[in-house]
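Trainee: based on what follows, work out the 3D shape:
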Amino acid sequence: MAHEHPGDTLNLYDVSGLANYELYRAIQRAKNPGKLAVTRAMLLHGMRRQLHAAVAQARKDPFGAGFPWNTYDTGSHLAGLSVEASEYAALTHSSRYLAWSVHWLDNLLGVNAWGVSLIIGDGTTFPHCPQHQVANLVGSLDGSPPVLRGALVEGPNSFAATGFVQHMRRCPTNGIDQFRQFNGGGAVFKDNVQSYSTVEPAIDLTASSPLAFSWQIASRHH
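Mentor: Residues are numbered from 1 along each chain as shown. Predicted coordinates:
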């Protein structure tokens, strides 16, 4: 809540970034009743701390990402950061983090060292070999239809997992790690069906990305 550690933000495990926004609005609609454990000011302070930490991280990164690349769930965190930046703008009518809300979506969609979109089917370069049973067994292995369109994958991590499973179709079919040359700084991205640590998609990983895009659409109409 308001005292959430600033090092983590909205992602598949931590949804306080949504709760803080909704609680702020609930208190506002109730006309600021007294004797509550938190106030609107406290909630805003917590959101601002997280976003400030993300901006500090972004200023150290060549591509301006607000979350370290060599960590699990980079895709989910980037989408979550974009959501939180949009929420803050909506609550405060401040443009302080608006540009970052767009930029962190840019990181998600290919503005990164690997030039890869972390959402399958979005952009020209996206994962072809998700660690997903149905996509691997009946989908294409080269990015042509059918693909698991719209699924958000783990993203760059500190390692690429290995481990072949019976009946798994090998992907990439040529065995070439096309993104290896861009790895560095302890971060790797591997588009390989065995690498659950980089290209596993999931509903909870994906959940924040439609919300992030919805915020961007809404902002264009205000």
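
Trainee: please name the nearest non-neighbouring residue to Q57.
Mentor: G66 (5.3 Å; Cβ to Cβ, 6 or more residues apart in numbering). Every C-beta, even on glycine, is put in place using the N, C-alpha and C of the backbone.

Trainee: and the one you found, what does it touch?
Mentor: If you count contacts by Cβ atoms under 8 Å, 6 or more residues apart in numbering, G66 has them with 9, 54-55, 57-58, 77-78, 81, 100, 104, 107.

Trainee: with distance to A212, neighbour count and pLDDT added, can I get those residues in a markdown table?
Mentor: Converted to a markdown table, those look like this (distance: Cβ to Cβ, whole Å; neighbours: other Cβ atoms under 10 Å; pLDDT from 0 to 100):
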| residue | distance to A212 | neighbour count | pLDDT |
| --- | --- | --- | --- |
| T9 | 12 | 27 | 85 |
| A54 | 14 | 25 | 96 |
| V55 | 17 | 16 | 97 |
| Q57 | 18 | 16 | 96 |
| A58 | 16 | 18 | 97 |
| H77 | 11 | 27 | 95 |
| L78 | 9 | 31 | 97 |
| L81 | 9 | 33 | 96 |
| W100 | 12 | 22 | 97 |
| W104 | 8 | 28 | 98 |
| N107 | 11 | 25 | 98 |
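
Trainee: make JSON lines from those and add distance to G163 to it.
Mentor: JSON lines is the format used below for the contacts of G66 (distance: Cβ to Cβ, whole Å):
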{"residue": "T9", "distance to G163": "30"}
{"residue": "A54", "distance to G163": "33"}
{"residue": "V55", "distance to G163": "37"}
{"residue": "Q57", "distance to G163": "31"}
{"residue": "A58", "distance to G163": "33"}
{"residue": "H77", "distance to G163": "25"}
{"residue": "L78", "distance to G163": "26"}
{"residue": "L81", "distance to G163": "31"}
{"residue": "W100", "distance to G163": "37"}
{"residue": "W104", "distance to G163": "31"}
{"residue": "N107", "distance to G163": "28"}
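
Trainee: give the helix, strand or coil label for the residue nearest to Q57.
Mentor: Secondary structure assignment for G66 (DSSP: H, G, I helix; E, B strand; the rest coil): coil.

Trainee: from G34, how far off is it?
Mentor: 36 Å (Cβ to Cβ, to the nearest Å).

Trainee: the residue lying closest to N157 once chain neighbours are set aside: how many residues sit nearby?
Mentor: Spatially, and ignoring its direct neighbours in sequence, N157 is nearest to S197 (4.6 Å; Cβ to Cβ, 6+ apart). Neighbourhood size, S197 [other Cβ atoms under 10 Å]: 20.

Trainee: spit out the contact partners of the closest residue to L108 other than its chain neighbours.
Mentor: Nearest non-adjacent residue to L108, counting by Cβ to Cβ, 6+ apart: L78, 4.6 Å away. L78 sits next to 65-67, 104-105, 107-108, 118, 155 when contact means Cβ under 8 Å, 6+ apart.
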